[in-house]
Structures are given as structure tokens and as C-alpha cells.
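[1] Have a look at this fold, sequence not included:
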């Protein structure tokens, strides 16, 4: 009789809880930053689509003026941002291992690479302005300046965030159970890197 009752009470195998293979996955950082990143990616995406349509309607002009861009400067900046993102990844790993000073060191490296990007871009802008390039020069130059400057401002904001992360990491404020801040900042910085990885080939390289 007891066996029959247990059989009726016990849920079928398909409804029984399945043991978890590991901890539940979660988005790193604050949820709000992911909404912000999504909004920023949509904004950049709209710019990229507009650029593609404008290029399709005037391929010869875009190809001609694209050749005047400094691809070496763009390539250097690509390497700088990729390296910076790598340093930020290592900083997050160090913070998770309760190595605050090491995390601060990696973040400092990321800041240095980001600052290098700013310097290279400023020299590139100076050369363009000296050559008479402006928003009204042509449709291509308008897109070039708007897209790159919009990204440029995101890099500056990212550097401010990294500086705050560096200060907190140096003071030992990150570690297991308190990773939200550094993960949030890292997510933003990786977004900045991702946008450049699309922007550089689209504006500088693709013909």
C-alpha cells in the first residue's frame, strides 16, 4: 500500500528537478549597462546603414576619397584598442582572484593604449583639417567625421570609466562577490572596441 501511495505522489521523471551541471549563467556587470550598450549599438548601426546607402549611391566618390585616409593610423588604432581590451580582460581576471594591485596594473595598461588611440586620432584629424576636410567637403567626409568623432567621444568616456576602475582596483575594492563595478566598466570598454572593429574596415578598407 505504501508503495502505491509513493508512486502516486512522486512526480513523473520528466517533471523532477534535474541537477544543475554548474552555477547559473549571468550577464557580467550591471543590467543597466547592457541596455545602454544595446542603445549605443543601435545608434551606431543606424549610422553604418546610412553610410552603406550613401556609398551605394556614389561608389566612385567614396572609393576615391577613402584612398586619402591614413589606413596605417587606423590599423595602429585597431591594434591599440584590441590590446587595451585584452588588458581589461586580464584586469577582471585579476580582480576575481583578489589581486587588486595586479588588476590596477592591467587597467593602467588599458588606459595607456586608449590614450594612444586618442593621440593617433588627433594627429589624423589635424592632417585632415589642414587639408581642408570638413563636414561640408563631401558626403564621404561628412560620414567619416561624424562616425569617427562619435566613436572618439565614446573612447574618451571609456577612459574616464577605466580611470575610475583603476582607482578602485588600486584600493582593493574588487574581488569575489564584488565584481559588479569592474565588470560593468569592462563591458562598456569592449563595446567601444567592437564598434571600432566594424567602423575601421567599413570606412577605411572596404571598397
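    Cool, got the structure. All values derive from a computational prediction rather than experimental measurement.
[2] Count the neighbours of residue 156 for me.
    Close neighbours of residue 156, defined as other CB atoms under 10 Å, add up to 14. Bear in mind the C-beta positions are built from the backbone N, C-alpha and C, glycine included.
[3] which stretch of helix or strand covers the closest residue in space to it that isn't next to it in sequence?
    Distance criterion CB to CB, 6 or more residues apart in numbering; nearest residue to residue 156, sequence neighbours excluded, is residue 118 at 7.0 Å. Secondary structure assigned from DSSP states H and E places residue 118 in helix 100-130.
[4] where does the chain dip in pLDDT?
    Applying pLDDT under 70 to the chain flags the ranges 1-26, 29.
[5] now with 50?
    1-20, 22 (pLDDT under 50).
[6] just the helices in it please.
    Using DSSP state H, the helices found in the chain span residues 2-9, 31-57, 59-66, 71-96, 100-130, 139-170, 180-200.
[7] picking that back up, distance-wise, check the residue nearest to residue 156 relative to residue 31.
    Distance, residue 118 to residue 31, by CB to CB, to the nearest Å: 30 Å.
[8] quick revisit: can you give me the angle the helix holding residue 118 makes with helix 71-96?
    Interaxial angle of helix 100-130 relative to helix 71-96 (axes from the mean of the first three to the mean of the last three CA atoms, to 10 degrees): 160 degrees.
[9] Report the angle between helix 100-130 and helix 180-200.
    30 degrees.
[10] from the chain's centre, how far out does helix 100-130 sit?
    Offset of helix 100-130 from its chain centre (CA atoms, centre = their mean, to the nearest Å): 14 Å.
[11] got the buried residues for it?
    Buried residues in helix 100-130, counted by 16 or more other CB atoms under 10 Å: 100, 102-111, 113-117, 120-121, 124, 128.
[12] picking that back up, list the residues that contact the residue nearest to residue 156.
    Counting by CB atoms under 8 Å, 6 or more residues apart in numbering, residue 118 makes contact with 152, 155-156, 159.
[13] Restrict these to the buried ones and give me that as a ChimeraX selection.
    Typed into ChimeraX, the line below selects the buried ones among the contacts of residue 118, using 16+ other CB under 10 Å:
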select :152,155,159
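[14] Can you lay out the contacts of residue 118 as a markdown table showing distance to residue 88?
    What follows is the contacts of residue 118, written out as a markdown table (distance: CB to CB, whole Å):
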| residue | distance to residue 88 |
| --- | --- |
| 152 | 19 |
| 155 | 13 |
| 156 | 16 |
| 159 | 12 |
